[in-house]
Structure formats: C-alpha cells, structure tokens
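Visitor: need a 3D model of the following:
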Amino acid sequence: MLDTFQPHRYRYLLIAALLGVLAVPAFLPAEVLPNGFSYLTPLLPIASLAGLIVLWQRFDTPRAAFKLGFAYGLGLFGGGIHWIYIALTTFGGMVVWVAVLVMALLIAYMALYPALVGYLATRFFTGGTRLLAIPALWGLSELLRAHLFSGLPWLSMGYTQALPSPLAGYIPVGGVYLASVVCVALGAALVQAVLTKQARSQKKYIGAVVVLLLLVVGQGLKDIEWSEPAGEPLPVSLIQGNIAQDIKFDPAFIDETYARYRRFAEASQGRLVVLPESAFPDFADQVPEEEVTSYIRLGVERKTDFLVGMFTRRLNISGRDEYFNSVINIGQSPLNIYRKRHLVPFGEKIPFENIVAPLMNALIAIPLAGQSQGDADQPPFSVAGEKVAITICFEDVFGVEQIKSARQATLLANFTNDAWYGRSMAAWQHHRIATMRSLETARPMLRATNTGITAVIDHRGQVVKSLPWFTTDILEAEIAGRQGDTPYLRWGDWFGFGVMVVLIGVAVGVFRLKCSD
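Guide: Prediction:
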C-alpha cells in the first residue's frame, strides 16, 4: 500500500497528479480548441476521474486514498490556477518566493477536497457502494469549497460539461454541482463496466446501463427550451477598451482612458452599450463632469443606455468612508447603481483587516483593496426595455447568488477585467464559467471585459459573437431577452444536493445489507 513507504509505490502518486492535469484542458471554452477537439475535451475529466477511481479501488485504505486524492488535486489545481502567480508578482509586486509560497499553500488547500473524498469513500464504503458514494462525496466537497472561507469554486468539474458535452442538459436542472455529480458518476460507471473481470457479470451490465442512461437523459434534457423570448432582439454594443493593467490606474493615463471609451461610445450602434469593469478607473464623484454630460447627451439623443464600470463611495453610519466596485447606467433611463457584493478575499476584501492589512500592504500592492460589500439583494437594471441582472468579475462564479435577480431579469451582464492574469488560461476559464450561468438560467449573457474575452452568449450557453483577445474594438450584436424559470432558478443547488444525499443514502443502505448477509 502507499502508506507503507515503499519508494516504488510513489509512482502512483505521480500518476494521480498527471490524471489531475489531464482534466485541465476541459475547462477551456469550445471555441478556442482545434476543430473537433472540443467534442473530445468533455471526455478528458471523465477519463481522468475514472483513472483516479481505479487507483482508489486498488489502494483502498483511507490513508492511501487520501494521498492519491491529494496528488490528484495538486495536478488539477496546480495545472488549473497557477496563473494567480501573475497577478501576485507582475501586477501586485509580490516577491517571487513569497508568491510561490502563497500559491503552494492555496493549491495544497484546494487539493484537500479530492483527498477528503478519497478518504471518506474508502473509510466508509467498499466495492460497488463506494462507486455510488464517490460522485455524491465529490459534489458535496465542491459545495463545501464554494462556501467555506467565502468560497472558491473555481475548477468545479461541472464546468467541463458545458456545451458541446451531452451532459450539458443537466445544468439547467441542477446547476454546475449536479453536472459534477453526473460527470463523476459517469467515470465510476465506466470503471464498473470496463474493469469488472467477469465477462457476464451483473455489475458489468449495470455499469454499462448507467453510462448509457446518463448520456441519453443528458442529451434529451439538452433539447428542452426552458425559457421563451421576452421581446424583439435588442441591438447591443460591448466595448473592449484593452487598457493594459500596468497603466490602468496610472493618473497620467486616465485622460486617455476617458477619451478612448468616449470615442467608442460615440461610434457604437446599440441601444444598450456596455463598458467593462472599472472602465472609468476613478470614483464616480471624481469623473469629469464633461464626460458624464457627453454620455447623457448621447443617451437622450439615441435613446440609448450606457452601463459603465467604475468605483463609488459613501459614508457609513459610523462616518467611515466605504468604497465599492460598481456599475452605473448613464443615458435615457433613470439612474441605477449596482455595487459588487461578493468580493475576492485578500484582493478586494481583507479578512481580519486590522491584523492582516499591514502584512498584506507590505507584501503586495493591489489598487483599491479593502473594498466594501454591496447589498445582497440588488434588483436588475431597467434599461433599454430589458431587465439586466449585473455581476462584476469573480461574482459570476457563484451561480446560486444570482438566482433572485436572474429570475426577475431578461438578460445577464458580467463586467470583468482579467488583464490581471496576462495571457494565461484564466480569461478562457472565466469565459467558460459565464456560459455556465447562461445555461443555468436560460438567459443570454452580455460579457464586457477590458482585454477579453468580450462576448455575447445566448440562453443555451453558446457564443453568438466575440472579440479577439487583447484587441481594442466594439462588439456589435443583437440578442433577445428571455423569460421563464429553469428548474435551477426554482430550486438552486438544493436539487443537486438532494441527489447527493440520495446517493449517499442508497450507498449506506446497500452497504448495510451486504454486511448483514
């Protein structure tokens, strides 16, 4: 066993880590992959998970399974979120060795979740009951990771099963975590169907039937239209300013930033014009009056609304100045303000600020860290004849937090600046996450970003139109708002959670029956 410290056994830890790396390409959106390869990538995490499950079945002590799960997590998260290093060093000014240590600790923390799945599965279940329990335990671990310490659900396995995967049909029903459960269950069923030794074993047939059933049901669910058009198509313009991160907050460049966005605003053709996160890198009360006046004039003349990312501030009841990452509409419609409510730990909000802030300020220089959170319940904007539910950057990773506003909305809009991560895979992963939110809610998404990927995504999670990465341009498109509730909008993550509980219950029941025989 791995826990007997025999050196030759450690090659299986390397295999587990490589299996984790194998799943990483599946988190990239279909449109960036070579022709035909996009249809194969959803199979990578299934094969990856099947390989891990085989290792867990072969080395079935809790300690060995923990090590294998941890190694798998190191491969998955090391390969998938290493790009955070760019933000820490290139734009945050953190010393290299400190950034490496921070990244190592973060990756190790995230690797604990698949390690915990392996430990619990082998500690409490055996054989076929373990194959039932593993998908549920995996889903529960992802739910826990999405909520613990303010949540970090990046690289949840369900994201690999967005279109064109046949499992994408499960997403409007139970969201990303139900898709994770189904993805892992498919891997477990493949293990049983392929690796059961007896050619005519009942277990082998059961595994094959489960594989077929999961695929057929998923494909059938894909054909259901969960929402309907809420009106005529709306002309929209999404502006990609392409302001380099190292000059974005430079006072010497602010005038050029305003001028660039104003030129594009004047050239835009849409009734709804969307500028990205912190397009105006200033507080709203510091934006030059002539800039605001020019947008109002354009809006009134063209019957247009401009949604602009900027910062706002206010005094709280204790007299302290609070500031927020915000979106404001300027134009023909009455004023709306959205304030970001789910902040990035340490990047935007510093936990235990009195203690941690001095250390953070000594290690890293992030503009406007220590922000305040907006209200949890913020209604959609009423603009250009649509109801638009707003999220800013990292917020769109938390699908369940968007349910209330999405149910009231006809469109989703995400305002993002992924320039922090350079030319890494971060922006592509984030783009795929956005397609998942459209699938869950059956609402189109307008995704305005600073450097890319700016895109219009339809209600089925398919990209209608996008701009090339690191270009300065306007994306002109038409999209119709949608109305009607998906099962996910009604039940949120509770349906997926219920499936996990049922699987655990069945596994426990079968295990007890076996023990009593």
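
Visitor: so which residues of the stretch 251-400 of the chain form strands?
Guide: For the stretch 251-400 of the chain, the strands identified by DSSP state E, counting those that start in this stretch occupy 272-274, 305-315, 321-331, 337-339, 381-383, 386-392, in order along the chain.

Visitor: and the fifth one, average pLDDT?
Guide: Pointing back at strand 381-383 there. What strand 381-383 shows for mean pLDDT is 96.

Visitor: adjacent strands (with direction) for it?
Guide: Pairing partners of strand 381-383, with direction, according to DSSP bridges: strand 386-392 (antiparallel).

Visitor: strand 321-331 and the partner strand, what's the angle between them?
Guide: 150 degrees (axes from the mean of the first three to the mean of the last three CA atoms, to 10 degrees).

Visitor: return the distance of strand 386-392 from the chain's centre.
Guide: 17 Å (CA atoms, centre = their mean, to the nearest Å).

Visitor: next secondary structure element downstream of that strand?
Guide: Next helix or strand after strand 386-392 toward the C-terminus (DSSP states H and E): helix 403-408.

Visitor: for that following helix, give me every contacting residue.
Guide: By CB atoms under 8 Å, 6 or more residues apart in numbering, the residues outside helix 403-408 that reach it are 377-380, 387, 389-390, 412, 441, 443, 485, 488-489, 492. Placement of C-beta: from N, CA and C, glycine included.

Visitor: min pLDDT across these, which one?
Guide: Lowest pLDDT within the contacts of helix 403-408 is found at residue 377 (88).

Visitor: residue contacts, it?
Guide: So residue 377 contacts residue 404 (CB under 8 Å, 6+ apart).

Visitor: phi, psi of it?
Guide: Per-residue torsions, residue 377: phi -110, psi 100 (degrees, to the nearest 10).

Visitor: again with residue 240
Guide: phi -110, psi 100.

Visitor: do residue 413 as well
Guide: Torsion angles, degrees, to the nearest 10, at residue 413: phi -140, psi 130.

Visitor: wait, what's in contact with it?
Guide: In this structure, residue 413 makes contact with 274, 307, 327, 388, 389, 390, 391, 445, 446, 447, 448, judged by CB under 8 Å, 6+ apart.

Visitor: beta partners of the closest residue in space to it that isn't next to it in sequence?
Guide: Nearest residue to residue 413, sequence neighbours excluded (CB to CB, 6 or more residues apart in numbering): residue 446, at 4.5 Å. Listed by DSSP bridges, the beta-bridge partners for residue 446 are residue 413, residue 456.

Visitor: quick one: residue 446 and residue 409 touch, right?
Guide: No. Taking contacts as CB atoms under 8 Å, residue 446 lies outside contact range of residue 409: 11.3 Å.

Visitor: which one's the longest helix in this structure?
Guide: helix 96-124 (DSSP state H).

Visitor: check which residues of it are buried.
Guide: Buried positions in helix 96-124, judged by neighbour count with 16 or more other CB atoms under 10 Å: 99, 102-103, 106-107, 110-122, 124.

Visitor: cool, and stretch 24-33?
Guide: Buried residues in stretch 24-33 (16+ other CB under 10 Å): 24, 25, 26, 27, 28, 29, 30, 32, 33.

Visitor: list the contacts of the third one.
Guide: In other words, residue 26. 41, 42, 44, 45, 160.

Visitor: which non-adjacent residue is nearest the first one?
Guide: Closest residue to residue 41 in three dimensions, ignoring its sequence neighbours and counting by CB to CB, 6+ apart: residue 26, at 4.5 Å.

Visitor: quick one on the thing from earlier: any chance of a ChimeraX selection covering the buried ones in the contacts of residue 413?
Guide: The buried residues among the contacts of residue 413 can be selected in ChimeraX (16+ other CB under 10 Å) with this line:
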select :274,307,327,388,389,390,391,445,446,447,448
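
Visitor: which residues does stretch 60-79 contact?
Guide: So stretch 60-79 is contacted by 1-3, 12-14, 16-24, 52, 55-56, 59, 106-108, 110-119, 121-123, 126, 130, 155 (CB under 8 Å, 6+ apart).

Visitor: just the C-alphas of that stretch, formatted as PDB.
Guide: Extracted C-alpha coordinates of stretch 60-79, given in PDB (Å, rounded to 0.1, in the frame of the first residue of the first chain):
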ATOM      1  CA  ASP A  60      -8.300   1.000  -0.700                       C
ATOM      2  CA  THR A  61      -7.000   2.100   2.700                       C
ATOM      3  CA  PRO A  62      -8.200   5.600   3.800                       C
ATOM      4  CA  ARG A  63      -4.600   6.900   4.200                       C
ATOM      5  CA  ALA A  64      -3.600   5.800   0.700                       C
ATOM      6  CA  ALA A  65      -6.800   7.100  -0.800                       C
ATOM      7  CA  PHE A  66      -6.200  10.500   0.900                       C
ATOM      8  CA  LYS A  67      -2.700  10.700  -0.600                       C
ATOM      9  CA  LEU A  68      -3.900   9.800  -4.000                       C
ATOM     10  CA  GLY A  69      -6.700  12.300  -3.900                       C
ATOM     11  CA  PHE A  70      -4.300  15.000  -2.700                       C
ATOM     12  CA  ALA A  71      -1.900  14.200  -5.500                       C
ATOM     13  CA  TYR A  72      -4.800  14.400  -8.000                       C
ATOM     14  CA  GLY A  73      -5.800  17.800  -6.500                       C
ATOM     15  CA  LEU A  74      -2.200  19.100  -6.800                       C
ATOM     16  CA  GLY A  75      -2.200  18.200 -10.500                       C
ATOM     17  CA  LEU A  76      -5.700  19.600 -11.200                       C
ATOM     18  CA  PHE A  77      -5.400  22.900  -9.300                       C
ATOM     19  CA  GLY A  78      -1.600  23.300  -9.900                       C
ATOM     20  CA  GLY A  79      -2.300  23.000 -13.600                       C
END
